[in-house]
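Novice: Below are the sequence and a predicted model for it; my questions follow.
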Amino acid sequence: MDGEATSIGPLDITRVMAAIPHRYPMLLVDRVAELIPDRSITAIKAVTINEGFFQGHFPGRPIMPGVLIVEALAQAAGILAVESLGLAGSGKLVYFMSIDGVKFRKPVEPGVLLTLDAEFVQKRARVCKFAGKARIDGELAAECEFTAMIADPPKA
């Protein structure tokens, strides 16, 4: 990663949806604030009370499930991988292979903008390792490392 990297962004929801196949209710990235190919991404998830999971997690004390915070980080990393490898619109899928060192530091409640930062730790043609951090107003809410595989979509 020598030299000056060129940042791209912001990317709107249309560009997000071109990069990853997720759709409602599983699309957890609303926009990309900044993407530095082959390096890092900063994406945003607007967490609203209208999310279906808040009906049961937990009534009277709505908190975004930790697994969905990790999923949001993985989706941001998937966008980074697809854009860095020039695969946007190709239909390629990014699958979890492992999740390590997950720590939840602060509950994510309705009404916040969740900032999703992910960076490459290691990048190969089909397997990438990432470090991710989710923040609320700059304060750490969750962090983890995860590995993902880039694969062809299933045949019809």
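Specialist: On my side now, so go ahead.
Novice: switch to C-alpha atoms for all contacts and neighbour counts from now on
Specialist: Noted.
Novice: Which of the helices or strands spans the residue of the chain most remote from its centre?
Specialist: Most distant from the centre of the chain: residue 60, at 27.5 Å, with distances by Cα atoms, centre = their mean. In the assignment (DSSP states H and E), residue 60 maps to no helix and no strand.
Novice: repeat for residue 21
Specialist: Using DSSP H and E, residue 21 falls outside every helix and strand.
Novice: Tell me the spacing between the residue nearest to residue 72 when sequence neighbours are not counted and residue 154.
Specialist: In space, and not counting its chain neighbours, residue 72 is closest to residue 28: 5.2 Å by Cα to Cα, 6 or more residues apart in numbering. As judged by Cα to Cα, to the nearest Å, residue 28 and residue 154 stand 22 Å apart.
Novice: Tell me which of these two has more neighbours.
Specialist: residue 28 (22 against 8; other Cα atoms under 10 Å).
Novice: So for the lengthiest helix in the chain, what gets flagged as buried?
Specialist: Determined from DSSP state H, the single longest helix within the chain is helix 66-84. Buried residues in helix 66-84, defined by neighbour count with 16 or more other Cα atoms under 10 Å: 66, 69-84.
Novice: which other helices and strands contact that helix?
Specialist: For helix 66-84, the elements it packs on are helix 13-19, strand 40-47, strand 93-104, strand 112-123, strand 127-136, strand 139-151, judged by 3 or more Cα pairs under 8 Å, 6 or more residues apart in numbering; DSSP states H and E.
Novice: Format these as a markdown table; extra columns: mean neighbour count.
Specialist: As requested, these are exported to a markdown table (neighbours: other Cα atoms under 10 Å):
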| stretch | mean neighbour count |
| --- | --- |
| helix 13-19 | 18 |
| strand 40-47 | 22 |
| strand 93-104 | 15 |
| strand 112-123 | 21 |
| strand 127-136 | 22 |
| strand 139-151 | 19 |
